[in-house]
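**Student:** starting from these lines, generate the structure:
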Amino acid sequence: MRTDEFAERYLSGLELWGDDFGPAQIEEWFADEREAYANLGAASSDSEAYGYSGFNRQYGFRYLPDRRFRRALGVGSAFGGEFLPVLDRIDDITILEPSAHLRSAALRSTPVRYEDPVPSGDMPFDDRSFDLVLCFGVLHHIPNVSKVVREIGRVTAPGGWVLLCEPVVSMGDWRSADRPGLTRRERGIPRHLLERAVGDAGLSIRSSLFCAATPTSRIGRLLRCNMYANRIGAVVDRALALATAWNYRYHPTSAWQKLRPSSVFIVAQRPR
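**Tutor:** Numbering: from 1, shown residues only. Have a look, this model is predicted:
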């Protein structure tokens with residue numbers, strides 16, 4: 001593909017690279033990414049050390065109703081730390097996780113059952129199986145995003161809730177090997193395409209908010225703290241995301257254009 005055609009179709013955010021790949025290309029991508037995040041030295045095996053609880057509360061969990069969730073699914077949830085803020089309201093947790101190294105036996109006293117995903121994106125669950133589905137920072141690691149989001153919609157019970165958070169910027173030119181700290185295949189998902197996929201999956205979006213503003217992480221480095229671990233840091237991030245939302249673009253070409261929110265957090269529900 002010509003460089004100008006690639007830029008026009010994919011770096012522009014008009015189309016999502018990988019979403020129309022065939023089975024062989026998907027298999028190759030899946031093999032590259034299966035342990036790629038773990039090989040970056042991903043997270044501590046201690047789920048209590050999960051560093052985004054304040055962030056997830058601010059943008060997601062506070063929108064959930066005050067109810068119990070009989071069955072919950074984590075898509076690529078690794079050790080499961082993202083469930084901790086609502087763990088006392090969940091009866092059963094299943095995690096769909098490709099890595100053999102990012103798994104734990106239980107979350108506090110709640111057992112965790114793991115299933116292996118397959119490259120096609122088909123999930124090994126019955127329709128309408130889960131009351132709550134979490135998918136945080138996972139979809140941008142896979143090619144066939146639309147298919148996996150449709151599967152999320154399929155396995156969500158009527159009245160069930162889905163929380164998604166994904167980068168909506170390109171994360172650089174993914175054809176380049178020079179992207180320190182990133183896996184070979186990951187690329188962000190343009191916001192309008194992510195929201196379209198959620199709607200096409202039969203889910204109603206209740207909230208879709210810009211988040212993870214680039215100044216937030218810089219402030220965290222200056223203060224030597226994790227801005228996403230507590231409510232105060234998350235509120236600061238929300239203010240910065242609002243302030244820089246006007247500058248959002250999928251693939252920036254200058255340092256100034258990188259001053260923007262980098263992710264979107266979606267709260268959606270399957271209609272009854």
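
**Student:** and the longest strand along the chain, what's buried?
**Tutor:** In the chain, with assignment by DSSP state E, the single longest strand is strand 156-167. Neighbour-count burial for strand 156-167 flags 156-157, 160-167 (criterion: 16 or more other CB atoms under 10 Å). Where C-beta positions appear, they are placed from N, C-alpha and C, glycine not excepted.

**Student:** farthest pair in these?
**Tutor:** Ala157 and Pro167 (28.0 Å; CB to CB).

**Student:** thinking again about what came up before, now the element after the longest strand of the chain, going C-ward?
**Tutor:** helix 191-200 (DSSP states H and E).

**Student:** between the next helix or strand after that next one and helix 191-200, how many degrees?
**Tutor:** Using DSSP H and E, the helix or strand that directly follows helix 191-200 along the chain is strand 204-213. Between strand 204-213 and helix 191-200, the angle comes out at 150 degrees (axes from the mean of the first three to the mean of the last three CA atoms, to 10 degrees).

**Student:** now the very next helix or strand once past strand 204-213: how far from the chain's centre is it?
**Tutor:** Once the chain leaves strand 204-213, the next helix or strand it forms, by DSSP H and E, is helix 214-223. Distance of helix 214-223 from the chain centroid (CA atoms, centre = their mean, to the nearest Å) equals 21 Å.

**Student:** convert helix 214-223 to CSV, retaining C-alpha atoms only.
**Tutor:** The C-alpha trace of helix 214-223 is given here as CSV (Å, rounded to 0.1, in the frame of the first residue of the first chain):
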residue,chain,number,x,y,z
THR,A,214,-1.3,13.8,28.3
PRO,A,215,-0.6,16.5,30.9
THR,A,216,-1.9,14.1,33.6
SER,A,217,0.9,11.7,33.3
ARG,A,218,3.5,14.5,33.1
ILE,A,219,2.1,15.9,36.4
GLY,A,220,2.4,12.5,37.9
ARG,A,221,6.0,12.2,36.9
LEU,A,222,6.8,15.6,38.4
LEU,A,223,5.0,14.7,41.7
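
**Student:** in that helix, what counts as buried?
**Tutor:** Those buried within helix 214-223 under the rule 16+ other CB under 10 Å are 214-216, 220.

**Student:** can you list the residues you listed in TSV and add distance to Arg71 and pLDDT?
**Tutor:** What follows is these, written out as TSV (distance: CB to CB, whole Å; pLDDT from 0 to 100):
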residue	distance to Arg71	pLDDT
Thr214	37	95
Pro215	38	94
Thr216	33	96
Gly220	35	92
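
**Student:** now, the most widely separated pair of these?
**Tutor:** Taking CB to CB, no two of the buried residues of helix 214-223 sit farther apart than Thr214 and Gly220, at 11.1 Å.

**Student:** for this protein, which spans come out with low pLDDT?
**Tutor:** 42-47 (pLDDT under 70).

**Student:** looking at it, which helix is longest?
**Tutor:** helix 231-244 (DSSP state H).

**Student:** picking that back up, and which of the buried residues of strand 156-167 is nearest to Asn230?
**Tutor:** Cys165 (17.2 Å).

**Student:** next up, the contacts around that closest one.
**Tutor:** Contacts of Cys165 were listed using CB atoms under 8 Å, 6 or more residues apart in numbering, and they are 56, 59-60, 135-137, 211, 263-266.

**Student:** same question for Ile219.
**Tutor:** Ile219 neighbours (CB under 8 Å, 6+ apart): 227, 236.

**Student:** mind doing that once more with 10 Å?
**Tutor:** Shown in contact with Ile219 (CB atoms under 10 Å, 6 or more residues apart in numbering): 213, 225, 227, 233, 236-237, 240.
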